[in-house]
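> task: produce atomic coordinates for the following.
(one chain, ligands or ions: 2)
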Amino acid sequence: MRPFLIAPSILSADFARLGEDVDAVLNAGADVVHFDVMDNHYVPNLTIGPMVCKALRDYGVTAEIDVHLMVKPVDRMIVDFAKAGASIITFHPEATEHLDRSLQLIKESGCKAGLVFNPGTPLHCLDHVMDKLDVILLMSVNPGFGGQSFIPSTLDKLKQVKKLIDDSGYDIRLQVDGGVKVDNIAEIAAAGADMFVAGSAIFNKPDYKAVIDEMRSELAKVDE
Ligand SMILES: O=C(CO)[C@@H](O)[C@H](O)COP(=O)(O)O
Ligand SMILES: [Fe+2]
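Numbers count the residues shown, from 1 in each chain. Ligands and ions are numbered 1, 2, ... in the order given. Modelled structure (predicted):
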């Protein structure tokens with residue numbers, strides 16, 4: 001079993017002092033920076049683009065940057081984010097006309113690739129692309145906003161995807177995003193997730209280290 005990874009979503013960070021806030025959360029023990037990109041088209045919100053990713057790299061952030069694309073179409077943003085320093089790029093299957101081509105583009109750009117499934121999106125498009133995936137991300141809220149509540153049916157979906165990954169034999173991370181908190185992270189891990197995105201649960205608290213430590217001690221209770 002791979003080590004659990006905690007990936008704070010900077011959607012809930014202080015955008016006016018983003019570099020400092022990202023440094024603070026990494027110094028508090030976060031593993032990966034989750035970077036939410038919204039286009040007011042695929043989702044009803046508008047956030048940040050490749051220039052901000054590059055700015056974080058120029059500021060000195062060396063941790064993996066996990067770019068969650070909630071944009072349509074995706075291909076141009078894949079290329080731009082790879083150039084801007086992204087480490088992982090994930091996108092929603094509904095947002096591209098050519099799933100396999102978009103995944104190949106991510107790999108050719110030197111990044112890890114992932115697909116994201118909304119709560120109501122079926123999983124069948126995984127059938128033919130498992131060999132191209134480094135990450136499968138299950139949304140546990142509908143995408144577009146931080147601070148929403150975890151949708152409980154995600155737990156069953158996680159179990160289903162965990163089995164698909166185990167049966168495939170590929171080394172694929174199972175990420176969950178939306179409403180992840182100290183009090184539900186253990187249950188989510190027990191269902192199969194190994195990478196946890198949490199925005200409001202971390203950034204809305206004054207002591208990031210205290211929250212991340214509490215998350216890790218909850219995770220330590222889970223049988224891997
Ligand atoms: O992709 C998204 C929302 O679309 C997320 O990454 C959120 O930013 C998670 O926020 P919390 O639910 O943890 O506050
Ligand atoms: Fe996200």
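
> dump the residue contacts of Ala28.
Applying CB atoms under 8 Å, 6 or more residues apart in numbering to Ala28 gives the contacts 208-209, 211-212. Using the backbone N, CA and C atoms, a C-beta is placed for each residue, glycine as well.

> neighbour-wise, which of those leads?
Highest neighbour count within these, by other CB atoms under 10 Å: Val211, with 24 neighbours.

> look at that residue and give its secondary structure.
helix (DSSP: H, G, I helix; E, B strand; the rest coil).

> cool, and Lys162?
Assignment for Lys162 (three-state DSSP): helix.

> what about it, distance to Asp31?
Distance check for Lys162 against Asp31: by CB to CB, to the nearest Å, it reads 20 Å.

> and what of Leu5?
4 Å.

> any shared contact partners between the two?
With CB under 8 Å, 6+ apart as the test, Leu5 and Asp31 reach no residue in common.

> one step back: between the contacts of Ala28, which is nearest Asp131?
Each of the contacts of Ala28 was checked against Asp131 using CB to CB; the closest is Ile212, at 33.2 Å.

> spatially nearest residue to that closest one (excluding sequence neighbours)?
Gly29 (4.4 Å; CB to CB, 6 or more residues apart in numbering).

> quick check: that neighbour touching Arg216?
Yes - between Gly29 and Arg216 there is a contact at 7.3 Å, judged by CB atoms under 8 Å.

> and for these two, which residues touch both?
Ile6.

> list the contacts for the residue in the chain that ligand 2 sits nearest to?
At 3.8 Å from ligand 2, His68 is the closest residue in the chain, using CB to the ion. The contact partners of His68, by CB under 8 Å, 6+ apart, come to 9, 34-37, 90, 116, 137, 177, 197.

> okay if I get these as JSON lines plus secondary structure, distance to ligand 2 and pLDDT?
Converted to JSON lines, those look like this (DSSP: H, G, I helix; E, B strand; the rest coil; distance: CB to the ion, whole Å; pLDDT from 0 to 100):
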{"residue": "Ser9", "secondary structure": "strand", "distance to ligand 2": "5", "pLDDT": "98"}
{"residue": "His34", "secondary structure": "strand", "distance to ligand 2": "6", "pLDDT": "99"}
{"residue": "Phe35", "secondary structure": "strand", "distance to ligand 2": "8", "pLDDT": "99"}
{"residue": "Asp36", "secondary structure": "strand", "distance to ligand 2": "4", "pLDDT": "98"}
{"residue": "Val37", "secondary structure": "strand", "distance to ligand 2": "9", "pLDDT": "99"}
{"residue": "Thr90", "secondary structure": "strand", "distance to ligand 2": "8", "pLDDT": "99"}
{"residue": "Val116", "secondary structure": "strand", "distance to ligand 2": "8", "pLDDT": "98"}
{"residue": "Leu137", "secondary structure": "strand", "distance to ligand 2": "8", "pLDDT": "99"}
{"residue": "Asp177", "secondary structure": "strand", "distance to ligand 2": "4", "pLDDT": "99"}
{"residue": "Val197", "secondary structure": "strand", "distance to ligand 2": "5", "pLDDT": "99"}
